[in-house]
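In: fold the stuff below for me.
(2 chains)
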2 protein chains.
Amino acid sequence: MFQPPRPPTVFLLSQGDEVITGQTVDTNAATLSEWLTELGFLVTRRVTVGDVMHDIVAAIAEGLNSADVLICTGGLGPTADDLTAEALGTVLGVPLVLHEPSLEHIQAIFTLIGRRMSDANRKQAMLPQGATPLQNNFGTAPGFSVESPRQGQAPAVGYFLPGVPREMKGMWAEHLKPDLIRRFSLSPGRLITFRCMGAPESQLEEIMRPFQGIDGVTVGFRAMSPEVQVKLRVRPDVTDERLIPLIAQVQAAIGKAVFGVDTGALEDVIVAALIERGETLATAESCTGGRLSAAITSVAGASAAFMEGACVYANEAKMRTCDVDAGALAQYGAVSEIVARQLAEGIRERAGTTYGLSTTGVAGPGGGTPEKPVGTVHVALATPQGTFHRQLRLGGDRDRITRYAAASALDLLRRHLQGVLHGDNL
Amino acid sequence: MFQPPRPPTVFLLSQGDEVITGQTVDTNAATLSEWLTELGFLVTRRVTVGDVMHDIVAAIAEGLNSADVLICTGGLGPTADDLTAEALGTVLGVPLVLHEPSLEHIQAIFTLIGRRMSDANRKQAMLPQGATPLQNNFGTAPGFSVESPRQGQAPAVGYFLPGVPREMKGMWAEHLKPDLIRRFSLSPGRLITFRCMGAPESQLEEIMRPFQGIDGVTVGFRAMSPEVQVKLRVRPDVTDERLIPLIAQVQAAIGKAVFGVDTGALEDVIVAALIERGETLATAESCTGGRLSAAITSVAGASAAFMEGACVYANEAKMRTCDVDAGALAQYGAVSEIVARQLAEGIRERAGTTYGLSTTGVAGPGGGTPEKPVGTVHVALATPQGTFHRQLRLGGDRDRITRYAAASALDLLRRHLQGVLHGDNL
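Out: Numbering: from 1, shown residues only, chains lettered A, B, ... in the order given. Prediction:
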């Protein structure tokens, strides 16, 4: 049996006053952690410090002494509180030296945007002696990497990147990822992601239990409320002959809740399916207030399938735009199955689309009654084959209720498009 | 002159495999950092480790030895990988003992939801000997606090909280905040937040430079794209006689970009103003696809002022719902000043509201032309006094362009409601 070696370890360091004081949420750390884990690294420790020289020096030294890889983000800017290069120089006992190509790169950017480079920016081209510069094609500050000798082991490697997420991500793809794969001879294996809607994480964990012990396969979960992702991390020695039937087994076990395997989000899957089928969609929203149409139109190219959304908040708007019956509103109220159905049918008729999709509910915090408490939501889908409806009882605050309501409406349409709307499992 | 003492220091520890592998973004750390900074603490270091006993023990010991306060989140759950209590026992050299009231609390929750308590949950009531339990009114796991003696100083204090953000926040408010204020005799001072729209951070930094040196006042910034917040942290010895004119001076210096001082978000300010004036709003969106109406309806009680939103993606929908002129569409295209104006006027007319607010633009990535590149956006506001229009050239990807377009439309309405729509500063 293939025995995987001990995974190489990573120490992540985020630095900056804006992070340590909570003005910025440190998304870099989570992004890097996820990518490194998927490559096969073990992230052992993450540390955050402010713009304090002593603290940065201590954290860099700790990282280079305790892990195979140190990745540091932040502190490469032009201002006085950007201290990373100097701190690294202190740790390594080397001076900062001017890196001419980096200075030219910075000057070129300023020329391009028609502004004069300040002396402060010159500082960004001062790198610790012996460091390898990493060109930044997304901003002015170059990154750099260093090797730090260790007794009886290969040297530790340190990477120093800007803290701006766009720049960090660009430099990861261009420099770090290929360098790490080469340096540690990684065979990252494969990652298969089952994107699921309509099944809670606890239920998916139960379904996946029989797959937990399979040699060479690790099962993970990621809750993205309401979507849940089931992830198979597959060791590189697992052959396609074993993997392909396994994927089919997992998909069959989870059933109709899987809306895609290694695909985009629910709205991406829906827009792609509509375009492929040459079909069109319009929406009529009450409680979701535009979140449903905003999700669909977040997909580039959605205009090929999405025609119109009506955010019919007032009852008058429901009647005028979606032809909802005044009697139904009076007898059953706006939050009712019949109004959800009339909204979906009315917008489909008005817009002349293949499908009409609707939501109506009590988003809270006010407006609840004993019969229709906050969280009561109706969604409906009008199709050429008839209209389908679901009633939901959602928990949480206004934001959570409207988010889940929009996702539930999308999932109703997705299940219809995938031919799994009826049936009993999930 | 009042000399503030050295601020007490805090070490934050987040633990859990889901955090260190990047499956969860650690928002707890940012939330606690912000609250602690506002109370007057100096957060010196944040550390994250996985569910590894040795790493947790080392991090707890480091925290209790290096700062006045340690706050640890996560690892209090019922499963085998929840190790915090045991790790703390190891650090302090004490056994875990059953805390009867906590066990009763857990049992009561299970009785309430009609489920049987598992033996695993019993573990959640096992606390390190000598720890003070902190009741959790938002979940099963109790938190706890300990004091750890230090040579020649007051003992360090450690707080251990669940990792679920809702539970952490509830326990902060109920236990930690009052306990910390009492323990460190804090006078938190005041925080004044100027919420600004339409002025970039660099410009606000320049405007605020004269206020940087004022005794007892610290100026900070928080970019929330596109909103920017200017924050004054005011020392407790600054009197109202000094502070009130200072607030007025800052507001005058920033000018029309300030939409509120210590208020909610832009949409909250708009909905409150509409309700106060007894006025109503309808929206017509093209490129923003529902984000504008979703922002407005995210405000609880928005239905008192918001009547209807039309997401008129297709040109036919623009004509049918907002009475946009076919000739204007043919001659100028959907992304044009005249169509933005007709959208705003058309939806105002149709919905019978005081105001009509519209967006139309090229969100990208496709659809750009040399004359109308990606990021070209028109917003318009129809009012009883006439229709106002702004053209924008926005950068970034589809998500950023639609987010900025929706915020710019809201800000056009906000400036009208606050009587600052015309003029030359910002």
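
In: in stretch A:94-110, what's buried?
Out: A:96, A:99, A:102, A:103, A:105, A:106, A:107 (16 or more other C-beta atoms under 10 Å in any protein chain shown). Heads up, the C-betas are built off the backbone N, CA and C, glycines and all.

In: again with stretch A:370-379
Out: Neighbour-count burial for stretch A:370-379 flags A:372, A:374, A:375, A:376, A:377, A:378, A:379 (criterion: 16+ other C-beta under 10 Å).

In: can you tell me the SS state at the second one?
Out: So that's residue A:374. With DSSP: H, G, I helix; E, B strand; the rest coil as the basis, residue A:374 sits in coil.

In: look up how far chain B lies from it.
Out: Residue A:374 sits 11 Å away from chain B, going by C-beta to the nearest C-beta, to the nearest Å.

In: swap in the fifth one?
Out: Taking C-beta to the nearest C-beta as the measure, residue A:377 falls 14 Å from chain B.

In: any idea of the pLDDT on that residue?
Out: Residue A:377 carries a pLDDT value of 97.

In: list the contacts for it?
Out: Contact partners of residue A:377, counting by C-beta atoms under 8 Å, 6 or more residues apart in numbering or on different chains, are A:287, A:335, A:359-362, A:391-394, A:401, A:404-405, A:408.

In: try 10 Å this time
Out: Residues in contact with residue A:377 (C-beta atoms under 10 Å, 6 or more residues apart in numbering or on different chains) are A:286-288, A:335, A:340, A:359-363, A:390-394, A:401-402, A:404-406, A:408-409.

In: could you do residue A:23 as well?
Out: Residue A:23 makes contact with A:16-17, B:30, B:33-34, B:37, B:220-224, B:229, B:231, according to C-beta under 10 Å, 6+ apart.

In: ok, back up a step: just the closest of the buried residues of stretch A:370-379 to residue B:7, please.
Out: Taking C-beta to C-beta as the measure, residue A:374 is the one of the buried residues of stretch A:370-379 closest to residue B:7, at 42.0 Å.

In: for the closest one, what are phi and psi?
Out: phi -50, psi 130 (degrees, to the nearest 10).

In: how close does it sit to residue A:305?
Out: 33 Å (C-beta to C-beta, to the nearest Å).

In: before we move on, the earlier item: buried among the contacts of residue A:377? Need that as a selection in PyMOL.
Out: To isolate the buried ones among the contacts of residue A:377 in PyMOL, judged by 16+ other C-beta under 10 Å, type:
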select buried, chain A and resi 286+287+288+335+340+359+360+361+362+363+390+392+394+401+402+404+405+406+408+409
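
In: from the buried residues of stretch A:370-379, pick the one nearest chain B.
Out: For the buried residues of stretch A:370-379, the residue nearest chain B by C-beta to the nearest C-beta is residue A:374; the value is 10.6 Å.

In: in this model residue A:397 seems to touch the closest one, though I could be wrong.
Out: Yes: under the criterion of C-beta atoms under 10 Å, residue A:374 makes contact with residue A:397 at 9.1 Å.

In: coming back round to it: which two among the buried residues of stretch A:370-379 are spaced furthest apart?
Out: Greatest spatial distance among the buried residues of stretch A:370-379 (C-beta to C-beta): A:374 and A:379, at 16.5 Å.

In: how much space separates the one residue in the stretch 51-200 of chain A that gets nearest to chain B from residue A:83?
Out: Nearest residue of the stretch 51-200 of chain A to chain B (C-beta to the nearest C-beta) works out as residue A:55 at 6.5 Å. Computed with C-beta to C-beta, the distance linking residue A:55 and residue A:83 is 10 Å.

In: higher neighbour count, those two?
Out: residue A:83 (22 against 19; other C-beta atoms under 10 Å in any protein chain shown).

In: just checking, what packs against the helix or strand of chain A with the lowest mean pLDDT?
Out: Ranking every helix and strand in chain A by mean pLDDT, DSSP states H and E puts helix A:119-122 at the bottom, with a mean of 80. Using 3 or more C-beta pairs under 10 Å, 6 or more residues apart in numbering or on different chains; DSSP states H and E as the contact test, the elements touching helix A:119-122 are helix A:100-112.

In: got the domain boundaries for chain A?
Out: Per the record, chain A has its domains at A:9-183, A:190-261, A:266-417, by automatic domain parsing.

In: would a markdown table of the ones you listed with distance to residue B:172 be doable?
Out: As requested, the domains of chain A are arranged in a markdown table below (distance: least, C-beta to C-beta, whole Å):
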| stretch | distance to residue B:172 |
| --- | --- |
| domain A:9-183 | 13 |
| domain A:190-261 | 22 |
| domain A:266-417 | 18 |
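
In: single out the most deeply packed of the ones you listed.
Out: domain A:266-417 (a mean of 21; mean count of other C-beta atoms under 10 Å in any protein chain shown).

In: got any residues that touch both of residue A:374 and residue A:397?
Out: The contact lists of residue A:374 and residue A:397 share A:363, A:364, A:365, where a contact means C-beta under 10 Å, 6+ apart.

In: where in the stretch 301-426 of chain A is pLDDT low?
Out: A:423-426 (pLDDT under 70).

In: which single residue of the stretch 101-250 of chain A ends up nearest chain B?
Out: residue A:222 (5.1 Å).

In: which stretch of helix or strand covers that residue?
Out: Per DSSP states H and E, residue A:222 falls inside strand A:217-224.

In: close to chain B, is the next helix or strand after that strand?
Out: Next along the chain after strand A:217-224, taking DSSP H and E as the criterion, comes strand A:227-234. Yes: under the criterion of C-beta under 10 Å from any C-beta of the partner chain, chain B is reached by strand A:227-234 at A:229, A:231.

In: quick one: list the elements packing against strand A:227-234.
Out: Strand A:227-234 packs on helix A:27-39, strand A:190-196, helix A:201-208, strand A:217-224, helix A:240-254, strand A:258-261, going by 3+ C-beta pairs under 10 Å, 6+ apart.

In: again, only using 7 Å
Out: Judged by 3 or more C-beta pairs under 7 Å, 6 or more residues apart in numbering or on different chains; DSSP states H and E, strand A:227-234 is in contact with strand A:190-196, helix A:201-208, strand A:217-224, helix A:240-254.

In: neighbouring strands - and their directions - for it?
Out: Here strand A:227-234 is paired, per DSSP bridges, with strand A:190-196 (antiparallel), strand A:217-224 (antiparallel).

In: mind putting those into CSV with mean pLDDT and distance to residue B:282?
Out: Listed next are those as CSV, based on pLDDT from 0 to 100; distance: least, C-beta to C-beta, whole Å:
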stretch, mean pLDDT, distance to residue B:282
strand A:190-196, 93, 36
strand A:217-224, 85, 33
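
In: from residue A:380, how far off is the closest residue to residue A:343 other than its chain neighbours?
Out: Using C-beta to C-beta, 6 or more residues apart in numbering or on different chains and skipping the chain neighbours, the partner closest in space to residue A:343 is residue A:358 (3.6 Å). Taking C-beta to C-beta as the measure, residue A:358 falls 5 Å from residue A:380.

In: next one: residue A:293
Out: 16 Å.

In: kindly report the same for residue A:151.
Out: Distance, residue A:151 to residue A:380, by C-beta to C-beta: 69 Å.

In: might one say that residue A:340 is in contact with residue A:358?
Out: Yes: between residue A:340 and residue A:358 there is a contact at 5.3 Å, judged by C-beta atoms under 7 Å.
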